[in-house]
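with the sequence up front, the predicted model follows.
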Amino acid sequence: QVQLVESGGGLVQAGESLSLSCAASGRAFSAYVMGWFRQTPREERQFVAAIGRSGEILYSTDSVPGRFTISRDNAKKMVYLQMNSLKPEDTGVYYCAAAPHLTRAAEDFGSWGQGTQVTVSS
């Protein structure tokens, strides 16, 4: 199992950027698919993006593609989410998660971080 700690959240204005980081500990980080999810008080955790062991990527099908970029550094055991042109609807708690295969389904991710708050003001 892998332990995950997110960082980089904050309060920004619409149109600005944020970069989230997720530090992993434990063995075999490179064997995991890593993902990012967003949760708001009104909704369950929503898939944002995932990146496979060799860099294959899935993004959500809403407005994320073209604005968000997921990446990973296996040597540093890190995964990142670069968020540009942020919108108020991007507000939420962002979670880093690990899964055994490339998927958008939250139930397939077995390890989760504690989350980092992102707030985008209009």
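Okay, I see it. Numbers count the residues shown, from 1 in each chain.

what pairs with residue 92 across the strands?
Listed by DSSP bridges, the beta-bridge partners for residue 92 are residue 118.

so what's the residue count around it?
Other residues lying near residue 92 total 22 when counted by other C-beta atoms under 10 Å. To be clear about C-beta, it is placed using only N, CA and C from the backbone, and glycine gets the same treatment.

from residue 79, how far out is it?
For residue 92, the distance to residue 79 equals 18 Å [C-beta to C-beta, to the nearest Å].

wait, residue 118 sits on residue 18?
Yes. Counting by C-beta atoms under 8 Å, residue 18 is a contact partner of residue 118 at 6.2 Å.

mind listing the shared neighbours of these two?
9, 10, 12, 83, 86 (C-beta atoms under 8 Å, 6 or more residues apart in numbering).

any regions of this protein where pLDDT drops low?
63 (pLDDT under 70).

quick one, what contacts residue 2?
24, 25, 26, 27, 28, 29, 32, 98, 111.

what about the first one, how many neighbours?
What that stands for is residue 24. Burial measure for residue 24: 24 neighbouring residues, criterion other C-beta under 10 Å.

equivalent analysis for the fourth one, please.
Other residues near residue 27 come to 10 when the count uses other C-beta under 10 Å.
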